[in-house]
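In: coordinates only, sequence not included:
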């Protein structure tokens, strides 16, 4: 299968000025992006941000109000979904409960036979789908697809007899078996438990790389998006608020919204900036940063990432005096909540590091390296 | 807790044993020994000798009559059809073989028989029926069963009257359900409400209205004749009866299909589209099969109604057109022939049980419930302009609902007409029949008073029994629950005539001599109508779970207190919905009541049926209209309470 997929050039997706309105509300508001051939592209955002609507527009399940969606230069925005040659994994998997696993996986193949057939042979393929009579070469493709998701031998079962993770794999095999131009995922891991989620996202990533199919992946889980994607677009209220590779996004979120969304909890307003990149915060604390290319007029915020704060032995650059409120043992990490002059900060340190010998309420000294200090606007 | 459950279970078990298990067992035994088997009498007199003699006489020879008496075998095959009988036998055979087969290739072959094999069988038998004169030897069984003179009649005999009515009800019912759920047609709320009309129409009223409208002297018939056209239907024919039943029974399918549509996962057709299926392909391979259990459940209800609806068949079929339910009635009225009645009743019970099992297999064995994951349901159609589809839907619904509404309107007109002779519309109107009905309320043997005197004690009994059974099923669990579930659903599917035959067999002799007493009618209502209430109460029980009762118990509430202050109030919606269903169904009953009630206790439904039989259509129409309005009130109440319940989040 991978050989065949490789022989078929991956598709470039270009979305331009896409707008989708439902009644008077605008779910997607004039967005633009380009996905390189074979790229794993994620749309990240909280619920109602327009990410799923964008995906459904790409799949053809929604017709855009305006704008274009190009697959390798061909505008497909008004093409019905069954002619777009996509594979999609739904949030609830949408496995057909009346069909066996094999019939589910074969569905796309049978649908294509039906579409290409003419006249009486259309009926033949309809009949074969309804009564579960797979042609032999389709059966081989189905077995291959099931083997790829490690479900060889499960073909005769009903989806209900499988575990959540296995159902997820069936959905994946079903989307892949037709060797689609584009692979679409709509929050595919939402229904799985935490441990399985981590395992499955690795598998999805692996299989996508092997098949080399251009992929759009929708999720609200920033950790998941960072882990699997080549590139991420973060959406809010129908527009894209940030786009880049996972490390770009994480190391330079740019805006307060993005920093907040990526789980950077220690956000503090900047009261003033002096020439040598020194930022004044509430309580008279001044911290030194390294670079600042942000627009001078906007309100700035300092981000003190919990994992870049550490405990200092003595006064140094960027040290902050504070009072320990409490500490929580979280397994590999220990979380400290420290009250500082400009508010409260969370600090995350690895468990094996020496811990400050202070009881709750005791004095601690925190420090942050200038190059770790993040400035965002918002 | 055990003791508490026993206190509920024991009286229930005794009641069900005497009034359900014993009569049905007695009925089947009687059919195999060719006569009567008064089990209770034998048990009371400890007459083991008689029992042993009966057992020793068990043989299939009495079923031999089935193949020698034309009105028996014709009645059976006219009702259920040659093809469906053979198809179910094949299906069951393939099912067993598939379970026994070890190797996958063989399993696939048997699966083929269950799927396309069914269509092939149907096509073959239809072909054989159409060409019967060319090949069947004179005097052979095929020649006798498929004896229709024209191709269409033989095709009707091949497919069966009840399966065809079921199919028609399913087409109408599914069509209406899709119009209500999947379109933006105008007047959706009105049509959703109008579903109550055919459900509240007593079946005999449909037959009467059909005669009034399209019968040999019907209004439409005469109007057509007046402008020089021909009569569209023969007044008494299988087509007439089939039309009446289809247009009265389709709401069963509409309701179950609507329920299925509301649970339907809309991501399934979307998955089909994205995977490359066109709209038609997706509808046929993904949407329709997933909705099938709901559609089939409604179809099954329509089938048992069509199969057991003695009144319509008796009034609208020509006497030479035999139907099993009518023949069973004939064997008990007039020249009583007990052997025939029990044999036919056993056949009816058997056929329904096989169908019930098959339906359960398809619905449950196929396990159609949606696969896990979070629901991707996206409802709320966008408010747009009326499309062509919406307009067609409106046209379809208007057409479908106009028939039961015309039944109602014409019956109302007839009931008000002073005299309706040859003219197209009556010239003079009168309220005299309604005045007579009002007056009769204060006279002796008033049918209306009888209706209430029988239905209300029946209703109370039903609710007590249904609550007990539902409580035991929901909170007992295990094997007992399964057995109870099956035993108590039985009387709902057994045709009224067959159950009447079973009851008469046991209760027309001492020790419990109840035949032709109102008590037996009330008991019969309790046993046969309780399943409706059991279903609704059980649904409520399953909805509330056990945590609230456990809460009450941990806070020190006794079992009785918990039951009274927590359980009963919580399942009250289920009890009320069940009560309405029981009341409606008891008020509509004709067959069962007609056969076991004393004549001075005839309720409105039976009285009106008798009036039609003796040709007094004006009086019958007035009673039909009154009965319709008595039934429509509880129906509307459950309808609105459901809406209210949905809003209250129940």
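Out: Happy to help now that I have it. Everything numeric here is computed off the predicted structure, so don't read it as measured data.

In: Contact distance from chain A - what residues of the stretch 51-200 of chain B qualify?
Out: Counting by CB under 8 Å from any CB of the partner chain, the residues of the stretch 51-200 of chain B close to chain A are B:104, B:111, B:112, B:115, B:116. Every C-beta, even on glycine, is put in place using the N, C-alpha and C of the backbone.

In: which of those residues are buried?
Out: B:111, B:112, B:115 (16 or more other CB atoms under 10 Å in any protein chain shown).

In: was I right about the first one contacting residue A:103?
Out: No: look at residue B:111 against residue A:103 with CB atoms under 8 Å: they stay out of range, at 11.5 Å.

In: Pull up the overlap in contacts between the two.
Out: residue A:132 (CB atoms under 8 Å, 6 or more residues apart in numbering or on different chains).

In: re earlier: now the buried ones among the residues of the stretch 51-200 of chain B next to chain A as JSON lines including secondary structure and pLDDT?
Out: Output for those, formatted as JSON lines (DSSP: H, G, I helix; E, B strand; the rest coil; pLDDT from 0 to 100):
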{"residue": "B:111", "secondary structure": "helix", "pLDDT": "77"}
{"residue": "B:112", "secondary structure": "helix", "pLDDT": "81"}
{"residue": "B:115", "secondary structure": "coil", "pLDDT": "79"}
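
In: Distance to residue B:74 for those - can I get that in a markdown table?
Out: Formatted as a markdown table, those follow (distance: CB to CB, whole Å):
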| residue | distance to residue B:74 |
| --- | --- |
| B:111 | 35 |
| B:112 | 33 |
| B:115 | 31 |
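
In: the helices in chain A, which residues?
Out: A:2-7, A:51-59, A:101-116, A:120-130, A:136-148, A:164-176, A:194-211, A:222-228, A:246-251, A:256-261 (DSSP state H).

In: give me the low-pLDDT residue ranges for the stretch 401-550 of chain B?
Out: Residues of the stretch 401-550 of chain B meeting the criterion pLDDT under 70: B:421-424, B:477.

In: Find the closest residue to chain A in it.
Out: residue B:542 (19.3 Å; CB to the nearest CB).

In: Name the nearest residue to that residue, ignoring sequence neighbours.
Out: Distance criterion CB to CB, 6 or more residues apart in numbering or on different chains; nearest residue to residue B:542, sequence neighbours excluded, is residue B:474 at 6.3 Å.

In: What degree of burial does the one you found show, as a neighbour count?
Out: 20 (other CB atoms under 10 Å in any protein chain shown).

In: which secondary structure elements does the helix or strand hosting it contact?
Out: Under the criterion of DSSP states H and E, residue B:474 resides in helix B:447-476. With contacts taken as 3 or more CB pairs under 8 Å, 6 or more residues apart in numbering or on different chains; DSSP states H and E, helix B:447-476 sits against helix B:2-16, helix B:432-440, helix B:478-493, helix B:518-544, helix B:568-588, helix B:604-613, helix B:617-647.

In: check contacts around residue B:67.
Out: With CB under 8 Å, 6+ apart, residue B:67 has these contacts: B:73, B:141.

In: do that again at 7 Å, thanks
Out: residue B:73 (CB atoms under 7 Å, 6 or more residues apart in numbering or on different chains).

In: Could you point out the helix or strand that follows the host helix or strand of it?
Out: In this assignment (DSSP H and E), residue B:67 forms part of helix B:61-68. Next in sequence after helix B:61-68, counting helices and strands by DSSP H and E, comes helix B:70-80.

In: Now do the phi/psi pair for the residue of the stretch 51-200 of chain B found nearest chain A.
Out: Here the stretch 51-200 of chain B gets closest to chain A at one residue, residue B:115, 4.0 Å apart by CB to the nearest CB. Residue B:115 adopts backbone torsions of phi -100, psi -100, taken as degrees, to the nearest 10.

In: Which residue is the nearest non-sequential neighbour of residue B:234?
Out: Using CB to CB, 6+ apart, the nearest residue to residue B:234 is residue B:240, at 6.8 Å.

In: And that neighbour, which helix or strand is it part of?
Out: Using DSSP H and E, the element containing residue B:240 is helix B:238-263.

In: Same question for that helix: list its buried residues.
Out: Buried-residue list, helix B:238-263, by 16+ other CB under 10 Å: B:238, B:240-258, B:260-261.

In: Let me know the average pLDDT across that helix.
Out: The pLDDT scores in helix B:238-263 average 90.

In: Same check on stretch B:21-32?
Out: 86.

In: Can you name the residues in contact with it?
Out: B:36-37, B:39-40, B:54, B:58-59, B:62, B:342-343, B:345-346, B:501-503, B:505-506.

In: Give me the buried subset of those residues.
Out: Buried among these (16+ other CB under 10 Å): B:36-37, B:39-40, B:54, B:62, B:342-343, B:345-346, B:501-503, B:505-506.
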